[in-house]
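**Q** mind looking at a prediction? Sequence and model below.
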Amino acid sequence: MTDAQDTAAASSLRTTGGAPPDDGDTAAPGAPTPLLEPREGIPPVIADAESLAAMIAAFAAGSGPVAVDAERASGYRYGQRAYLVQLRRQGAGTALIDPVACPDLSGLGEALSGVEWVLHAATQDLPCLREIGMVPSGLFDTELAGRLAGFPRVGLGAMVESVLGFVLEKGHSAVDWSTRPLPEPWLRYAALDVELLVDLRDALEKELDRQGKLDWARQEFAAIAAAPPAEPRKDPWRRTSGMHKVRRRRQLAVVRELWLARDRIAQRRDISPGKVLSDAAIVEAALAVPTTVQALGALNGFGQRTGRRQLEQWQAAVDRARALPESRLPQPGQAVTGPPPPRAWADKDPVAAARLSAARAGVSELAERLGLPQENLITPDTVRRVCWEPPAAAADVEAVSAALVGYGAREWQVELVAPVLVSAFSAKAA
């Protein structure tokens, strides 16, 4: 936005005082202002091909970055699909799209090719947007920008308040967005989520530039935009909450069979797996390995509300686990592809443990000096891998830099962290 546009936007948004800053300040003066209504009101939800085509044409003709958000029904529906997509762009206003009625938004994605997308916590929304044909060629992540700039609270509401001086109402963030029709208060909330994203982006860009971190942010954003879809998790049943209590292989098999049965039912009924059977109930059954429906029904999580037919399907899963031969029982723990847990390093390789301790201390000191979280300076996993198997020339910055690049570190991270690791390795070698 130009300064004149910033001023006009601030005037139209102002209710009782406060406005988006246009001078790079990280906080607006005065008390925060509640943001109660979108600038042009709540737009109608786009739910047909004709309305979608008109909206795509309007956004293609707009100017500047486009604010993008998506609402899911986590905890209510199976999977992480989008149930509402919100966009805002200068010259086009705000649009709310129903991706259930309009499941193919590839035309919108193509119309916005080459346009910078502004998202908050982009990695959360990109998977569900990709499913409906929306993939950015470039983006600006306001949450990640806040982390790099050193903000202590980086949720959207906190960022909008501290940077722009407005308060967003966040009461509908965890509602069931698969509800149809969507209530007007929810639509107002959804429209307001993209109302100030571009303003926030502009202010954060100025702040990152002031701190000398703008190029870092651009490298991070480019990496997110270019990242391929995540690989499916191997053995996702192992992430069942409470698994640490399950020690025996037969019990692990019970967890696996119950988890898989629950997942099939949840997918078929399109509801959250936790609403079919809780993780706590799965673990309870695994620890007991019941042999009858009556014994299963007496366990926590399989109470009076569980019908006979449901108990029988769960007992059938337990029975499948009980019938498995020893050779087909799952092994405890997952195959480790990287270094062992740090707590085991002192016994397995004391020298590597000393390297890791020195490296962690150096990275922590550097991150504090730069005013950003350690995990954004360099991922802890990358530090562990380089410390466990350092390059042959561990005292050579180029060798350590190459190792960091091999683990996916960005150029700015390599430039800052490689000398710290070399110093740590050299000190321990001496």
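**A** Yes, it's here. Residues are numbered from 1 along each chain as shown.
**Q** contacts and neighbour counts: CA atoms only from here.
**A** OK.
**Q** so for stretch 75-84, first residue to last residue, what's the gap.
**A** With CA to CA, to the nearest Å applied, stretch 75-84 spans 16 Å between its terminal residues.
**Q** quick one: the helices in the stretch 301-430 of the chain?
**A** Here the stretch 301-430 of the chain has its helices, by DSSP state H, counting those that start in this stretch, at 308-323, 345-348, 350-370, 374-377, 380-388, 397-406, 411-429.
**Q** nearest to Gly212, out of those?
**A** helix 350-370 (10.1 Å; CA to CA).
**Q** who are the packing partners of the closest one?
**A** Counting contacts by 3 or more CA pairs under 8 Å, 6 or more residues apart in numbering; DSSP states H and E, helix 350-370 is packed against helix 345-348, helix 374-377, helix 380-388, helix 411-429.
**Q** quick one on the thing from earlier: and the helices of the stretch 301-430 of the chain as JSON lines, adding mean pLDDT?
**A** Formatted as JSON lines, the helices of the stretch 301-430 of the chain follow (pLDDT from 0 to 100):
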{"stretch": "helix 308-323", "mean pLDDT": "96"}
{"stretch": "helix 345-348", "mean pLDDT": "95"}
{"stretch": "helix 350-370", "mean pLDDT": "96"}
{"stretch": "helix 374-377", "mean pLDDT": "97"}
{"stretch": "helix 380-388", "mean pLDDT": "96"}
{"stretch": "helix 397-406", "mean pLDDT": "96"}
{"stretch": "helix 411-429", "mean pLDDT": "91"}
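**Q** okay, those in a markdown table with distance to Arg201 next?
**A** Output for the helices of the stretch 301-430 of the chain, formatted as a markdown table (distance: least, CA to CA, whole Å):
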| stretch | distance to Arg201 |
| --- | --- |
| helix 308-323 | 50 |
| helix 345-348 | 43 |
| helix 350-370 | 21 |
| helix 374-377 | 19 |
| helix 380-388 | 28 |
| helix 397-406 | 28 |
| helix 411-429 | 21 |
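**Q** of those helices, which is nearest Leu168?
**A** Ranking these by their distance to Leu168 (criterion: CA to CA) puts helix 374-377 first, at 26.4 Å.
**Q** just list what the closest one packs against, helices and strands only.
**A** Against helix 374-377 (3+ CA pairs under 8 Å, 6+ apart) you get helix 350-370.
**Q** show me what the helix it packs on is in contact with.
**A** 342, 345-346, 373-374, 377, 383-384, 387-388, 417, 420-421, 424-425, 428 (CA atoms under 8 Å, 6 or more residues apart in numbering).
**Q** try it again at 7 Å.
**A** Helix 350-370 has contacts (CA atoms under 7 Å, 6 or more residues apart in numbering) with 345-346, 373-374, 377, 384, 387-388, 420-421, 424-425, 428.
**Q** ok, and the most crowded of these?
**A** For those, counting by other CA atoms under 10 Å, the largest number of neighbours falls to Leu421: 29 neighbours.
**Q** quick one: which two of the contacts of helix 350-370 are the most distant?
**A** Spatial extent of these (CA to CA) is set by the pair Ala346 and Pro373 at 26.3 Å.
**Q** distance of Thr306 relative to Ala298?
**A** 11 Å.
**Q** any weak-confidence spans in this protein?
**A** 1-29, 335-336, 428-430 (pLDDT under 70).
**Q** go ahead and flag the most central residue of it.
**A** Per CA atoms, centre = their mean, the C-alpha nearest to the average position across the chain is that of Gln124, at 3.4 Å.
**Q** look up how far Leu356 lies from that one.
**A** Distance from Gln124 to Leu356, by CA to CA: 31 Å.
**Q** noted, bye for now.
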